[in-house]
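Q: missing the sequence, but the structure's below:
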């Protein structure tokens, strides 16, 4: 949005200069307005109107994210199409990594890839110095493996329709920036594709959501989602299994689950969030395979219902939404561990 404001400001300055030019040229009683000057002025005003319309549209978070996603996909298509080398199934990202750490990390890659059935045995490997360079040339279904360090993500590109982001070793961070938009990993998966996130620390900037899964299947293993607006948000007919992961210090919710999404939690922790989870009653289901903890949060689980119901019915409904309730544990939760809110989603 700041980029649009800057462009609009430059156009406005040009309009003022053009109006001043026309005014000075017509000060003499015998002078006539140059038609070309008027045409140029009309073009500039039209450009400014377009900028204003686009800026006003981007005030809405949903329209802003759709616009950002469209720009990211277009960028990814252009860059990947112009990359003439033979495509690789696996891209390793390493930048200024000490030799011993590089060796320790890279030796783990073949073993880790055996877990991913979608990776062919005869895969080709490419190495690049930055995450964004890797994402710019990645195709749907590729594996992007990151060596230890902090990696900035600007545009997820084609990998947002299916693929894998994998950390090789400890202290592998993916951080957001303003160019990324409202969501760090915005996932619209193609049919028969899934998205895998493993051994990573995701750190969005203030006001960003770490992951938004619109549809399809996602696997999360050994990850930390730190800070931001919402850790993970699930919409539509989406499915996700989270294993040995932590969601911490979220401004609103650790996870948000709506519209029939099915989520499986296996050894997950929610720590220091405003609310651990916001859950819709519209077909949503959470399965808790092993101990899942809610710790030091303002509130625990908030169920959102669109209809009036008694407290007994509320409890029964929440139990039907969460399988294996006994595996859910609360510690130092300041408000209600489980609450019902009768607002419409």
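A: Looks like it arrived, so ask away. Please read all numbers here as calculations on a predicted model, not as lab measurements.
Q: give me the element the closest residue to residue 323 other than its chain neighbours is part of.
A: Spatial nearest neighbour of residue 323, chain neighbours left out: residue 287 (4.5 Å); criterion: Cβ to Cβ, 6 or more residues apart in numbering. To be clear about C-beta, it is placed using only N, CA and C from the backbone, and glycine gets the same treatment. Taking DSSP states H and E as the definition, residue 287 sits inside strand 285-290.
Q: neighbouring contacts of that strand?
A: 257, 261-267, 277, 279, 321-325, 327-328 (Cβ atoms under 8 Å, 6 or more residues apart in numbering).
Q: Among these, the buried ones, what's the ChimeraX command?
A: Buried subset of those, written as a ChimeraX selection, criterion 16 or more other Cβ atoms under 10 Å:
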select :257,261,262,263,264,265,266,267,277,279,321,322,327,328
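Q: Only the buried residues of the strand holding residue 287, if you could.
A: For strand 285-290, burial by neighbour count (16+ other Cβ under 10 Å) applies to 285, 286, 288, 289.
Q: on that earlier part again, ok, the residue nearest to residue 323 to residue 189 distance?
A: Using Cβ to Cβ, to the nearest Å, residue 287 is found at 20 Å from residue 189.
Q: same deal with residue 197?
A: Distance from residue 197 to residue 189, by Cβ to Cβ: 13 Å.
Q: ditto for residue 251
A: 26 Å.
Q: quick one, which of the two is more surrounded?
A: Set residue 251 next to residue 189 and count neighbours by other Cβ atoms under 10 Å: residue 189 wins out with 20 against 15.
Q: Isn't the more buried one up against residue 159?
A: No. Checked against Cβ atoms under 8 Å, the pair residue 189 and residue 159 is beyond contact range at 10.4 Å.
Q: shared neighbours, these two?
A: Shared contacts of residue 189 and residue 159, counting by Cβ under 8 Å, 6+ apart, come down to residue 195.
Q: Could I get the buried residue list for the helix or strand harbouring residue 254?
A: Per DSSP H and E: residue 254 is located in strand 253-257. Residues of strand 253-257 classed as buried: 253, 254, 255, 256, 257 (neighbour count, 16+ other Cβ under 10 Å).
Q: Identify the farthest-apart pair in the residues you listed.
A: 254 and 257 (10.4 Å; Cβ to Cβ).
Q: what's the overlap in contacts for the two?
A: What both residue 254 and residue 257 touch, as defined by Cβ under 8 Å, 6+ apart, is the set residue 277.
Q: Quick one: low-confidence residue ranges for the stretch 201-345 of the chain.
A: Scanning the stretch 201-345 of the chain for pLDDT under 70 picks out 282, 305-320, 342-345.
Q: Just give the nearest non-adjacent residue to the most centrally placed residue in the chain, would you?
A: Here the mean C-alpha position of the chain is nearest to the C-alpha of residue 185 (Cα atoms, centre = their mean), at a distance of 2.5 Å. Distances taken as Cβ to Cβ, 6+ apart put residue 211 closest to residue 185, at 4.7 Å, once the chain neighbours are dropped.
Q: Show me what secondary structure element comes after the host helix or strand of the one you found.
A: Assigning secondary structure by DSSP H and E places residue 211 in strand 209-221. Next helix or strand after strand 209-221 toward the C-terminus (DSSP H and E): strand 224-226.
Q: Starting from that next one, tell me the next helix or strand along the chain.
A: strand 230-234.
Q: which helices and strands sit right next to that following strand?
A: Under the contact criterion of 3 or more Cβ pairs under 8 Å, 6 or more residues apart in numbering; DSSP states H and E, strand 230-234 touches strand 209-221, strand 238-243, strand 253-257.
Q: Quick one: the helices in the stretch 1-150 of the chain, in order.
A: Using DSSP state H, counting those that start in this stretch, the helices of the stretch 1-150 of the chain run over 2-25, 35-58, 61-82, 99-106, 109-113, 131-137.
Q: And those helices, which one averages the lowest pLDDT?
A: Note on the helices of the stretch 1-150 of the chain: helix 61-82 shows the lowest mean pLDDT, a mean of 55.
Q: what pairs with the next helix or strand after the strand holding residue 254, and is each one parallel or antiparallel?
A: Using DSSP H and E, the helix or strand that directly follows strand 253-257 along the chain is strand 262-266. Sheet pairing here is set by DSSP bridges, and for strand 262-266 it gives strand 238-243 (parallel), strand 285-290 (parallel).
Q: what separates the last one from the chain centre, distance-wise?
A: When you say that, I think you mean strand 285-290. Distance, stretch centre to chain centre, for strand 285-290: 24 Å (Cα atoms, centre = their mean, to the nearest Å).
Q: Between strand 253-257 and it, find me the angle.
A: 130 degrees (axes from the mean of the first three to the mean of the last three Cα atoms, to 10 degrees).
Q: what is in contact with residue 197 and residue 189 at once?
A: Joint contacts of residue 197 and residue 189 (Cβ under 8 Å, 6+ apart) are residue 218.
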